[in-house]
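1. Sharing a sequence plus its predicted fold:
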Amino acid sequence: MRETWRWFGPNDLVGIDDVCEAGAKGIVTALHHVPTGTVWSRDEIARRKAEIATRRNGRPSGLAWDVVESLPVSEDIKTGGANWRSHVDSYVDSLRNIAAEGIRVVCYNFMPVLDWTRTDLAYEVATGATCMRFDLADFAAFDLYILERAGAADEFDAALQAEARRRFDAMSADDRAALARNVVFGLPGAAESFSLEDVRACLRDYAQVGEDTLRANLVAFLKEVAPVAEELGIRLCCHPDDPPFPLLGLPRIMSTQNDYARIMDAVPSKASGITLCTGSLGARGDNDLPGMIDALGDRIHFLHLRNVKREDGTVPGSFHEAEHLGGDTDMVAVVAAILREEARRRGAGRADASIPFRPDHGQDILDDKSRKAQPGYPAIGRLRGLAELRGVIAALSHREAAE
């Protein structure tokens with residue numbers, strides 16, 4: 001398992017020097033400033049590689065750009081819109097430039113409109129640490145009474161609507177504005193710049209796009225790009241829905257093992273694979289993560305290892321980001337399944353036997369609270385997660401060697 005670390009570029013408050021001190025071996029990043037649907041040029045990719053390779057004092061960092069996360073898929077590709085052809089062509093050109101710069105793993109997602117959704121970006125847990133949280137009643141308050149989405153009332157039962165109304169009525173104007181900002185933070189590249197009307201416009205674009213159509217559009221996209229990725233030696237890997245259940249009346253097609261199996265079967269190229277995110281998938285109690293790794297492991301190209309605490313047993317339901325070894329996912333069993341898959345790959349002589357992973361998200365602890373880095377991506381919280389995961393990997397690898 002190859003240790004990587006997500007870095008958001010030169011403006012990230014967790015810098016390359018911090019990554020070096022954390023001991024990660026590779027970087028996961030993207031050209032966040034390049035508009036979706038636009039070709040990533042070799043010059044821009046090379047510039048980012050040089051930034052990764054250089055510490056603050058000008059000395060080499062020893063780090064390489066291991067994984068692109070993400071090369072974003074446009075809404076036109078997801079909906080089959082007017083710019084579908086040109087955006088697919090731009091995606092292919094970007095893949096060629098990425099490969100020319102020596103990068104071989106590209107993560108993407110196919111979530112409509114929202115990249116990820118949380119209602120609280122600094123929820124305080126019992127220890128005093130803060131983390132990201134999805135509260136279903138707060139989300140219903142946003143959907144029903146702030147966004148005022150048509151049809152929203154049909155998607156929440158009477159008890160949940162009543163609780164959402166109670167909470168909305170108790171909120172100040174600032175509270176309501178903060179909730180709206182938190183929900184739309186997951187809009188790719190937009191964060192706080194999207195208005196509620198922008199969100200409504202995006203939802204209108206999906207009015208005729210149901211689950212079957214969205215899945216067909218993903219398959220059509222992959223049939224265009226997977227052969228190119230295979231030719232270039234690139235491994236594409238689709239991130240699951242986050243959270244893994246429908247929101248805002250939008251379809252979700254990458255939330256369960258069956259969802260992934262359908263896409264893998266429809267596009268059997270080994271170049272088309274999976275980003276297994278234990279946090280996203282773990283928000284559903286009916287997802288057996290070690291079982292998913294055993295069943296679909298040969299198509300897993302990238303790993304996000306994080307944990308969540310489910311606050312109720314429903315789907316959809318509330319949850320918050322937990323310590324890496326402290327949530328509802330059995331991370332030891334997950335790592336054991338990954339190591340089994342890597343052993344199978346070594347036995348088959350695969351060049352990709354070592355699967356890149358990153359400690360995904362993390363609770364803000366200690367000095368993280370004053371640094372105020374990208375929500376979900378603290379320095380010390382992720383370092384703690386990486387250290388815990390290292391311990392699990394070392395212990396399981398030692399036992400395997402001894403046997």
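-> Happy to help now that I have it. Quick caveat: nothing in here was measured; it's all calculated off a predicted structure.
2. only C-alpha atoms for contact and neighbour calcs from this point on.
-> OK.
3. give the contact list for the residue nearest the centre of the chain.
-> The chain has residue 239 as the residue nearest its centroid, 5.6 Å off, counting by C-alpha atoms, centre = their mean. For residue 239, the contacting residues are 107, 108, 109, 110, 254, 274, 275, 276, 277, by C-alpha atoms under 8 Å, 6 or more residues apart in numbering.
4. can you tell me how far the fifth one sits from residue 88?
-> By that I understand residue 254. From residue 254 across to residue 88, the span is 20 Å (C-alpha to C-alpha, to the nearest Å).
5. When those two are compared, which one has more neighbours?
-> Neighbours were counted for residue 254 and for residue 88 using other C-alpha atoms under 10 Å; residue 254 has more, 25 against 22.
6. pretty sure that one belongs to a strand, no?
-> No - read with DSSP: H, G, I helix; E, B strand; the rest coil, residue 254 is coil and lies in no strand.
7. thought it was touching residue 260?
-> Yes - using C-alpha atoms under 8 Å, residue 254 makes contact with residue 260 at a distance of 6.0 Å.
8. picking up where we left off before, out of the contacts of residue 239, name the ones that lie in strands.
-> Among the contacts of residue 239, the members found in strands (DSSP state E) are 107, 108, 109, 274, 275, 276, 277.
9. Scan the residues you listed and report the most crowded one.
-> Going by other C-alpha under 10 Å, residue 274 tops the ones in strands among the contacts of residue 239 with 27 neighbours.
10. Domains of the chain: list them as residue ranges, please.
-> Here the domain assignment for the chain is 2-116+209-402, 120-203, based on automatic domain parsing.
11. which SS class is residue 213?
-> Per three-state DSSP, the local secondary structure of residue 213 is helix.
12. burial of the closest residue to it other than its chain neighbours, as a residue count?
-> Nearest residue to residue 213, sequence neighbours excluded (C-alpha to C-alpha, 6 or more residues apart in numbering): residue 79, at 8.0 Å. Per other C-alpha under 10 Å, the neighbour tally for residue 79 reads 22.
13. list the contacts for residue 79?
-> Contacts of residue 79 by C-alpha under 8 Å, 6+ apart are 205, 206, 209, 213, 214, 217.
14. Go through those and name the one nearest residue 310.
-> Sorting the contacts of residue 79 by how near they are to residue 310, with C-alpha to C-alpha, puts residue 214 at the top with 27.6 Å.
15. coming back round to it: quick one: the ones in strands among the contacts of residue 239 as TSV, columns for distance to residue 319 too.
-> Putting the ones in strands among the contacts of residue 239 into TSV (distance: C-alpha to C-alpha, whole Å) gives the following:
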residue	distance to residue 319
107	24
108	24
109	21
274	23
275	21
276	19
277	15
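16. need the residues you listed in CSV with pLDDT and distance to residue 180, can you?
-> CSV is the format used below for these (pLDDT from 0 to 100; distance: C-alpha to C-alpha, whole Å):
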residue, pLDDT, distance to residue 180
107, 98, 28
108, 97, 25
109, 96, 23
274, 98, 31
275, 98, 28
276, 98, 29
277, 98, 25
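17. nearest to residue 225, of those residues?
-> residue 108 (12.2 Å).
18. Tell me the bridge partners for the closest one.
-> Taking DSSP bridges as the rule, residue 108 bridges to residue 238.
19. roughly how far out does the least confident helix or strand in the chain by mean pLDDT sit from the chain middle?
-> Ranked by mean pLDDT, DSSP states H and E, the weakest helix or strand in the chain is helix 196-205, scoring a mean of 90. Put simply, helix 196-205 sits 22 Å off its chain's centre (C-alpha atoms, centre = their mean, to the nearest Å).
20. What of stretch 280-299?
-> Distance, stretch centre to chain centre, for stretch 280-299: 15 Å (C-alpha atoms, centre = their mean).
21. can I have it written out in CSV, keeping just the CAs?
-> Only the C-alpha atoms of stretch 280-299 are listed here, as CSV (Å, rounded to 0.1, in the frame of the first residue of the first chain):
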residue,chain,number,x,y,z
SER,A,280,-18.5,7.4,1.5
LEU,A,281,-19.5,3.8,1.2
GLY,A,282,-19.4,3.3,5.0
ALA,A,283,-22.2,5.8,5.5
ARG,A,284,-24.5,2.9,4.5
GLY,A,285,-24.6,0.1,7.0
ASP,A,286,-25.6,-2.3,4.3
ASN,A,287,-22.3,-1.9,2.4
ASP,A,288,-19.9,-4.8,3.3
LEU,A,289,-16.5,-3.1,2.6
PRO,A,290,-14.2,-6.0,3.0
GLY,A,291,-16.6,-8.1,0.9
MET,A,292,-16.5,-5.4,-1.8
ILE,A,293,-12.8,-5.5,-1.9
ASP,A,294,-12.7,-9.3,-2.2
ALA,A,295,-15.4,-9.2,-5.0
LEU,A,296,-14.2,-6.2,-7.0
GLY,A,297,-10.6,-5.9,-5.9
ASP,A,298,-8.9,-6.4,-9.3
ARG,A,299,-10.6,-3.1,-10.4
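22. What's the local residue count around residue 19?
-> If you count neighbours by other C-alpha under 10 Å, residue 19 ends up with 23.
23. Helix, strand or coil: sort out it for me.
-> Quick answer, by three-state DSSP: residue 19 is helix.
24. give me every residue that touches the closest residue to it other than its chain neighbours.
-> Closest residue to residue 19 apart from its sequence neighbours, by C-alpha to C-alpha, 6+ apart: residue 5 at 7.0 Å. If you count contacts by C-alpha under 8 Å, 6+ apart, residue 5 has them with 19, 24, 25, 26, 27, 28, 358, 359.
25. what about the stretch 151-300 of the chain, any weak spots by pLDDT?
-> Low-confidence segments of the stretch 151-300 of the chain (pLDDT under 70): 186-193.
26. which residues in it form helices?
-> 158-170, 173-184, 196-205, 211-232, 257-266, 278-282, 289-296 (DSSP state H, counting those that start in this stretch).
27. what's next to the longest helix seen in the chain, contact-wise?
-> The residue-count maximum for a helix in the chain (DSSP state H) belongs to helix 379-402. Contacts to helix 379-402, defined as C-alpha under 8 Å, 6+ apart, come from residues 14, 18, 22, 306, 323-325, 332, 335-336, 339, 358-368, 373.
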